[in-house]
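1. Compute the structure for the input listed below.
(one chain, ligands or ions: 1)
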Amino acid sequence: MEHGEIPILRSIEEVRFFTKERPLGFVPTMGCLHEGHISLVRRAREECATVIVSVFVNPLQFGSGEDFTRYPRDSERDMALAKEAGADAIFMPEAAELYPEGFTTEVRVRRIEDVLEGVARSGHFAGVATVLAKLLNIIGPESMYMGQKDAQQAFLVGRMIQDLNFSTRLVVCPTIREYDGLAMSSRNVYLKPEERSAATIISRALFTARDTGSTDPRVLEETVHNALAAEPLVALEYVFANDAATLGPVGPNTGEILLSLAARVGKTRLIDNVLVKRS
Ligand code: AMP
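-> This is a model prediction of the structure:
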């Protein structure tokens, strides 16, 4: 179970017997850790007596044509980075441990799973909700740390926690970006050099829209649309301005707008978002 100095927990049994001082903080990831993940671990370290990071590339949340098999994996590096950021243990289960033969339950967060990313990635959020419900039950943390980078995911998990009475507090942490604004993502390693430079248009487009000062959803969406149209290597899949508190349409009571998009840069699909204050 030991790797260097950080305990590697490979089974649910090992998690159960691992000594956890409370409060326990949990950071779920799919590995290939970067500064975005590390920021979550550091926040958990500040607030909790024990910090557990999970590294699990969850097959349930990948569609059939998606990148499950080629998703970047580097467990040795993940162990070192998690340790350095202050984690006390890493939970690295095999898929067969979480989904043994006969496994058939699915957690669905209706409506929220049907918008934005859920439209493009059918079944994705059922996979996310199901694995996180399992991980919350296995690990039993007081707090779980997730990134605003995946705003809809955090929103959906918050809803699930409320609806299913998990006693975990969800802490949503800010998006960490590269020096040029590109949101950090494990998928950025797929980008060829020319794609990597073209991809900076994504965050620039979102910041430009936010900085117009407009809170009209159409203006925000069009600004992003027009900015991305100027970059031939980037194909916008969608951009939407939604009420950040509901993910529904912006209305008179909207306090904050979530301006989110998905775009393809070559074969790589990236997502990003900004929050736009309304008042
Ligand atoms: P992933 O490994 O992509 O499933 O991400 C694991 C967690 O890290 C999720 O809660 C993500 O929202 C969060 N995360 C990923 N990228 C970033 C980022 N650039 N900034 C902050 N959090 C992030």
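2. going forward, measure contacts between C-alpha atoms and count neighbours the same way
-> Will do.
3. ok, the helix or strand containing residue 259 near the ligand or not?
-> Using DSSP states H and E, residue 259 sits within strand 256-265. No - no part of strand 256-265 sits close enough to the ligand to count as contact by C-alpha under 6 Å from any ligand atom; the gap is at least 13.6 Å.
4. what sits up against that strand?
-> With C-alpha atoms under 8 Å, 6 or more residues apart in numbering as the test, strand 256-265 has contacts from 117, 191, 195, 198-199, 202, 206, 215, 220-221, 233-245, 247, 250, 269-278.
5. Quick check on those residues: which are buried?
-> 117, 191, 195, 198-199, 202, 206, 215, 220-221, 233-236, 238-244, 247, 250, 269-276, 278 (16 or more other C-alpha atoms under 10 Å).
6. Which ones among those lie within helices?
-> Among these, the members found in helices (DSSP state H) are 117, 195, 198, 202, 206, 220-221.
7. Output these as JSON lines; include the columns pLDDT and distance to the ligand.
-> Putting these into JSON lines (pLDDT from 0 to 100; distance: C-alpha to the nearest ligand atom, whole Å) gives the following:
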{"residue": "117", "pLDDT": "98", "distance to the ligand": "13"}
{"residue": "195", "pLDDT": "98", "distance to the ligand": "18"}
{"residue": "198", "pLDDT": "98", "distance to the ligand": "18"}
{"residue": "202", "pLDDT": "98", "distance to the ligand": "13"}
{"residue": "206", "pLDDT": "98", "distance to the ligand": "15"}
{"residue": "220", "pLDDT": "98", "distance to the ligand": "22"}
{"residue": "221", "pLDDT": "98", "distance to the ligand": "22"}
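8. biggest separation within those residues, which pair?
-> 195 and 220 (24.5 Å; C-alpha to C-alpha).
9. how close does the closest residue to residue 198 other than its chain neighbours sit to the ligand?
-> Nearest in space to residue 198, with sequence neighbours left out and distances taken as C-alpha to C-alpha, 6 or more residues apart in numbering, is residue 233 at 6.4 Å. Distance from residue 233 to the ligand, counting by C-alpha to the nearest ligand atom, to the nearest Å: 21 Å.
10. Which residues are in contact with residue 233?
-> So residue 233 contacts 195, 198, 265-266 (C-alpha under 8 Å, 6+ apart).
11. Switch the residues you listed over to a markdown table; also include distance to residue 182.
-> Shown next, in a markdown table, are those (distance: C-alpha to C-alpha, whole Å):
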| residue | distance to residue 182 |
| --- | --- |
| 195 | 12 |
| 198 | 10 |
| 265 | 12 |
| 266 | 16 |
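12. Out of these, which comes closest to residue 77?
-> For these, the nearest to residue 77 is residue 195 (25.0 Å; C-alpha to C-alpha).
13. Would you list the phi and psi of residue 171?
-> In terms of degrees, to the nearest 10, the main-chain angles of residue 171 are phi -110, psi 120.
14. can you count the residues close to it?
-> By other C-alpha atoms under 10 Å, 19 other residues sit near residue 171.
15. got a pLDDT number for it?
-> Per-residue pLDDT puts residue 171 at 99.
16. Name the nearest residue to it, ignoring sequence neighbours.
-> Using C-alpha to C-alpha, 6+ apart, the closest residue to residue 171 is residue 145 (4.8 Å).
17. hang on, the earlier thing: from the contacts of residue 233, which two are the most distant?
-> Maximum distance among those (C-alpha to C-alpha): 10.0 Å, for 198 and 266.
18. Overlap of the contact sets of these two?
-> What both residue 198 and residue 266 touch, as defined by C-alpha under 8 Å, 6+ apart, is the set 233-234.
19. So residue 236 is in contact with residue 228, correct?
-> Yes - the pair residue 236 / residue 228 is scored as a contact, 6.8 Å apart, by C-alpha atoms under 8 Å.
20. For the protein, give the helix that spans the most residues.
-> Assigned via DSSP H, the chain shows its longest helix as helix 124-139.
21. Following element in sequence after it, please.
-> Downstream of helix 124-139, the next assigned helix or strand under DSSP H and E is strand 143-147.
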